[in-house]
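Engineer: Kindly return the folded structure for what I paste below:
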Amino acid sequence: MPYCVNCGAQNPDGAKFCVNCGKSVTETAAEPGAQPSPTQPAAAPSKLAGTPGALLIAAMAVVGLGGLLQLIGGDALAVFALGLAGLIYATAYAPLQKGLFSAARNGAITSGGVCLAFGLVDIFVGAWSGMVISLLCAAFLGLAWNQIKD
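Structural biologist: Numbers count the residues shown, from 1 in each chain. As a prediction, the model looks like this:
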């Protein structure tokens, strides 16, 4: 299995783009930690904020777990939070995994806007836990959007 020159992640055979960072894997290292040859660029250090895929998963986890906790607490509006996790998956994460970076960027920013809107509504109705969940989700989506390159 090839390894990404950019981040060192292992990719499936035949992959054109890294499943971790989204960069092209046309040049691959033979094994993780292999020394780059003079013609092969050195791997870039890992990003402090994480990879776009990991950030999208974190956003889905935050909003999904928050929605489940709201549902357990008897809040009928939790369905919106659970639906938002599905929206993030369908519009941002799935396109990223397919190498559709423009669509993934658009999905991340659209989902982030929806999270911000939910956060503002939560502020106005006094649902502080929902506000924290929504704004944290929006932050993850904004970071992912910033790292996905067209």
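Engineer: by contact count, what packs against the host helix or strand of Val62?
Structural biologist: Per DSSP states H and E, Val62 falls inside helix 52-72. Other helices and strands packing on helix 52-72, by 3 or more Cβ pairs under 8 Å, 6 or more residues apart in numbering; DSSP states H and E, are helix 78-88, helix 94-97, helix 101-125, helix 128-147. (Glycine included, C-beta is placed from N, CA and C.)
Engineer: between those helices, which has the poorest average model confidence?
Structural biologist: For these, mean pLDDT drops lowest on helix 78-88, to a mean of 80.
Engineer: what's the spacing between Phe17 and Asn106?
Structural biologist: Distance, Phe17 to Asn106, by Cβ to Cβ, to the nearest Å: 17 Å.
Engineer: What of Ala85?
Structural biologist: Ala85 is 18 Å from Asn106, by Cβ to Cβ.
Engineer: These two - which one has more neighbours?
Structural biologist: Ala85 (22 against 17; other Cβ atoms under 10 Å).
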